[in-house]
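Trainee: Here is my input; please provide its structure:
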Amino acid sequence: STTVPRGVEHSFQVLHLQYGMYAWPCAVVLAQYLWFHRNCLPEKAVLEIGAGVSLPGILAAKCGAKVILSDSAELPHCLEMCRQSCQLNNLPQVQVVGLTWGHISQDLLSLPPQDIILASDVFFEPEDFEDILVTVYFLMQKNPKVQLWSTYQVRSADWSLEALLYKWDMKCIHIPLETFEADKEDLAESSLPGRHTVEMLIIFAKGSL
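Mentor: Just a heads-up that it's a prediction; the model follows:
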């Protein structure tokens, strides 16, 4: 099967009801990408940034990756949400750290080299984009081959992520949703109004591929 396991889905429905948090369509699409490529995840070092309810990171851990979940150090309720996700899914080995985008903190300095960084819908407010890339750039210094697997919802044609990537010596590849069976309208079961155009990107340092 190429569908996210039912047990994981159920856990996040419980989490949603208990805390009023929402697993956004981008998180479900990124989880689908991880599930589609689950055979390459065992023993990979994976960091999810802006994790919230942590669906992609939790799924990566279930598939055998060594996962660290992170959200802003200034949002303790989001970090608690990460911890609750680990408890619900019986993943005591998953570490949760506070990382504020753009801040070179002790927690960021202490992170081991990562193979994959996960980010669903973090490219939401354009004023945050550069802070996110500062953090990713720092992680790329530890492992130049690290890849950022990211999904984002297209909300405006007025901004371009590619220009900022060029500034930070990064490039990206757009991954068509149909290549990992994420082009189904009901995949995210979104109750939000309107159509949701989700894009999947792999971002990497220039020259690393």
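
Trainee: Contact partners for the residue nearest to the spatial centre of the chain?
Mentor: Central residue of the chain (CA atoms, centre = their mean): residue 119, 2.5 Å from the mean position. By CB atoms under 8 Å, 6 or more residues apart in numbering, residue 119 lies in contact with 48, 49, 50, 132, 148, 149, 150, 151. (Each C-beta comes from the backbone N, C-alpha and C, glycine too.)

Trainee: On the pLDDT front, check the last one for me.
Mentor: Translated: residue 151. Note on residue 151: pLDDT of 93.

Trainee: could you dump the contacts of residue 119 to JSON lines with secondary structure and distance to residue 179?
Mentor: What follows is the contacts of residue 119, written out as JSON lines (DSSP: H, G, I helix; E, B strand; the rest coil; distance: CB to CB, whole Å):
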{"residue": "48", "secondary structure": "strand", "distance to residue 179": "22"}
{"residue": "49", "secondary structure": "coil", "distance to residue 179": "24"}
{"residue": "50", "secondary structure": "coil", "distance to residue 179": "24"}
{"residue": "132", "secondary structure": "helix", "distance to residue 179": "25"}
{"residue": "148", "secondary structure": "strand", "distance to residue 179": "18"}
{"residue": "149", "secondary structure": "strand", "distance to residue 179": "14"}
{"residue": "150", "secondary structure": "strand", "distance to residue 179": "16"}
{"residue": "151", "secondary structure": "strand", "distance to residue 179": "14"}
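
Trainee: Just the buried residues of those.
Mentor: Neighbour-count burial (16 or more other CB atoms under 10 Å) applied to the contacts of residue 119 gives 48, 49, 50, 132, 148, 149, 150, 151.

Trainee: which stretches of this protein form helices?
Mentor: Secondary structure of the chain by DSSP state H: the helices cover 6-19, 25-36, 55-62, 76-88, 106-110, 126-142, 161-167.

Trainee: pLDDT weak spots in the protein?
Mentor: Applying pLDDT under 70 to the chain flags the ranges 1-23, 156-159, 185-196, 209.

Trainee: picking up where we left off before, any idea how far residue 70 is from the residue nearest to the centre of the chain?
Mentor: With distances taken as CB to CB, to the nearest Å, residue 119 is found 10 Å from residue 70.
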